[in-house]
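Engineer: Structure, please.
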Amino acid sequence: MSQNREAQERVTAIGLARQDSGHGMHYRHVGASGLRVSAIGVGCYPFGGFLDQHASRAVVHAALDLGINYFDTANSYGIGKSEEILGAALAGRRADAVIATKFANRMADGPNDVGASRIAIVRACEASLRRLGTEYIDLYQLHWPDRRTPIEETLRALDDLVRAGKVRYIGASNLSEWELCEAHHVAREHGLSRFVSAQDFYNLLYRDIEKRMEPFCVKYGVGMTSYFPLAGGMLTNTYRRGVPLPAGTRAASSPSTATWHTDRNWNVQEQLLAFAQERGWTLAQMSLAWLLSRPAMFTVIAGADSGAQLRENVRALDIRFTPEDLLEIDRITLVDEDRTVAPVYRRLRPEKVHEFEARQLARTQHGEP
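Structural biologist: You can find the predicted model right below:
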């Protein structure tokens with residue numbers, strides 16, 4: 001049946017009849033906004049670096065064919081190269097994609113080529129639009145806080161871009177809890193566009209964000225996503241403790257690899273790996289699925305080098321955790337003292353400790369006192 005004939009048969013008096021896409025992708029709202037994106041996204045940092053233009057285009061098209069519509073990049077990735085490659089790969093398919101890019105990192109040597117001032121934001125946005133080859137950015141994100149610029153100036157500049165149609169929604173990344181809270185209330189006070197999303201460092205090895213950021217996002221309808229969802233490869237089972245890194249991998253060439261490969265992280269990783277394998281899951285799929293189980297998470301944006309890797313990521317959507325599974329994951333991963341709580345409260349008022357409830361439930365399940 002031709003596409004035109006098929007479309008005609010779906011026409012009803014009030015629009016198109018719903019059609020199953022066939023790829024099984026799940027879609028979620030970004031926070032309390034109306035924007036819907038795929039639960040699995042694509043991190044575009046490797047475009048133009050680890051992946052050349054041809055390989056990047058193959059990843060983008062494989063993602064779209066799987067129903068993935070969320071592509072996360074930044075103007076500073078490859079100093080514009082990632083945006084250029086993403087824009088070229090989306091030629092002819094722009095309407096199928098949600099482009100999330102970022103600004104605020106230094107892009108040139110001038111005094112206004114960095115930060116979140118009005119002049120810096122407008123310059124950065126115009127440059128990103130040119131590189132992406134598009135008339136609008138779906139989600140425009142403050143990459144890092146600019147504490148020398150009043151947040152009202154930043155939000156007013158972003159609101160002007162929204163009103164001009166150059167940006168659809170705005171988000172933030174790497175803000176502390178108080179900064180995101182301040183931005184929310186300044187926007188509400190002055191009737192400005194609000195941050196609908198927050199992208200921060202979060203995965204099964206690093207859960208501190210749950211102490212203050214996650215509760216704020218849940219209460220005020222800010223959607224969450226994370227970077228390094230697979231902890232620099234430690235949650236992919238590509239690397240093993242004491243085994244030399246495979247030649248040609250990103251970790252082998254990265255100067256930050258040693259900071260991930262600590263005894264504490266290996267201890268947790270090995271227990272998580274055994275837990276996943278007992279259930280027939282890969283460690284990476286379980287790690288992505290666990291992030292998607294968190295209350296404010298709207299997508300996970302693991303990078304991918306190929307369509308096959310994307311298909312493996314999408315299989316995370318098939319994982320269903322039981323309450324007992326989640327308790328055991330808590331037991332394995334919440335292994336550090338919560339140093340944000342005074343020691344006296346840990347003994348006299350344990351309910352004030354962040355991990356208290358999850359830890360107690362997990363211990364009870366395993367017959368511990």
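Engineer: Quick check, Met286 in contact with Ala276.
Structural biologist: Yes. In this structure, Met286 is within contact of Ala276 by CB atoms under 8 Å, at 4.3 Å. Placement of C-beta: from N, CA and C, glycine included.
Engineer: Check whether Trp281 really touches Phe321, as I assumed.
Structural biologist: No. Distance between Trp281 and Phe321: 10.1 Å, which falls outside the contact criterion (CB under 8 Å).
Engineer: between these two, what contacts are shared?
Structural biologist: When contacts are counted by CB atoms under 8 Å, 6 or more residues apart in numbering, the set common to Trp281 and Phe321 consists of Ala289.
Engineer: Please pull out the lowest mean pLDDT helix or strand from the protein.
Structural biologist: Ranked by mean pLDDT, DSSP states H and E, the weakest helix or strand in the chain is helix 356-365, scoring a mean of 61.
Engineer: Report the contact partners of Ala284.
Structural biologist: 230, 235-237, 302, 312-313, 316.
Engineer: Any of those residues buried? List them.
Structural biologist: Among these, those classed as buried by 16 or more other CB atoms under 10 Å are 230, 235-237, 302, 312-313, 316.
Engineer: Closest to Gly110 out of those residues?
Structural biologist: Ala302 (34.5 Å; CB to CB).
Engineer: what packs against the helix or strand containing Gln141?
Structural biologist: Taking DSSP states H and E as the definition, Gln141 sits inside strand 137-142. Here strand 137-142 touches strand 98-103, helix 118-132, helix 151-163, strand 167-173, strand 195-201, going by 3 or more CB pairs under 8 Å, 6 or more residues apart in numbering; DSSP states H and E.
Engineer: Buried residues, the second one. List them.
Structural biologist: Looking back up the chat, that one is helix 118-132. Residues of helix 118-132 classed as buried: 120-125, 127-129, 131-132 (neighbour count, 16+ other CB under 10 Å).
Engineer: Kindly reformat the residues you listed as CSV containing pLDDT and distance to Glu177.
Structural biologist: Conversion of those to CSV gives the following (pLDDT from 0 to 100; distance: CB to CB, whole Å):
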residue, pLDDT, distance to Glu177
Ala120, 98, 24
Ile121, 98, 23
Val122, 98, 28
Arg123, 98, 29
Ala124, 98, 25
Cys125, 98, 26
Ala127, 98, 31
Ser128, 98, 27
Leu129, 98, 31
Arg131, 98, 32
Leu132, 98, 31
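Engineer: Could you identify the most distant pair in those?
Structural biologist: Ala120 and Leu132 (18.1 Å).
Engineer: give the contact list for Ala289.
Structural biologist: Contacts for Ala289 were tallied using CB under 8 Å, 6+ apart; they are 281, 316-317, 319, 321.
Engineer: just Glu214 next, same as before
Structural biologist: Here Glu214 is in contact with 224, 294-296 (CB under 8 Å, 6+ apart).
Engineer: mind running it again at 7 Å?
Structural biologist: 224, 294, 296 (CB atoms under 7 Å, 6 or more residues apart in numbering).
Engineer: Among those residues, which lie within strands?
Structural biologist: When those are checked against strands using DSSP state E, the ones located there are Met224.
Engineer: Name the member of the contacts of Glu214 with the most neighbours.
Structural biologist: Neighbour counts for those were taken using other CB atoms under 10 Å; the highest belongs to Met224, which has 24 neighbours.
Engineer: Distance check, it against His54.
Structural biologist: Between Met224 and His54 the distance, using CB to CB, to the nearest Å, works out to 33 Å.
Engineer: Need the contacts of Ala289 in TSV (columns: secondary structure).
Structural biologist: What follows is those, written out as TSV (DSSP: H, G, I helix; E, B strand; the rest coil):
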residue	secondary structure
Trp281	coil
Ala316	helix
Leu317	helix
Ile319	coil
Phe321	coil
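Engineer: now, among those residues, which is nearest to Arg163?
Structural biologist: Distance to Arg163 across the contacts of Ala289 (CB to CB) is lowest for Leu317, with 36.1 Å.
Engineer: chain center to stretch 57-69: distance?
Structural biologist: Relative to the mean C-alpha coordinate of its chain, stretch 57-69 is positioned 17 Å out (CA atoms, centre = their mean, to the nearest Å).
Engineer: swap in stretch 135-145?
Structural biologist: Going by CA atoms, centre = their mean, the spacing between the C-alpha centre of stretch 135-145 and its chain's C-alpha centre is 14 Å.
Engineer: go on, stretch 176-186?
Structural biologist: Between the centre of stretch 176-186 and the centre of its host chain there is 19 Å, according to CA atoms, centre = their mean.
Engineer: And the strands in this structure?
Structural biologist: Along the chain, the stretches classed as strands by DSSP E are 11-12, 15-16, 27-29, 36-38, 42-43, 70-72, 98-103, 137-142, 167-173, 195-201, 223-227.
Engineer: wait, which of the ones you listed is closest to Trp266?
Structural biologist: Checking the strands of the chain against Trp266 by CB to CB gives strand 195-201 as the closest, at 19.2 Å.
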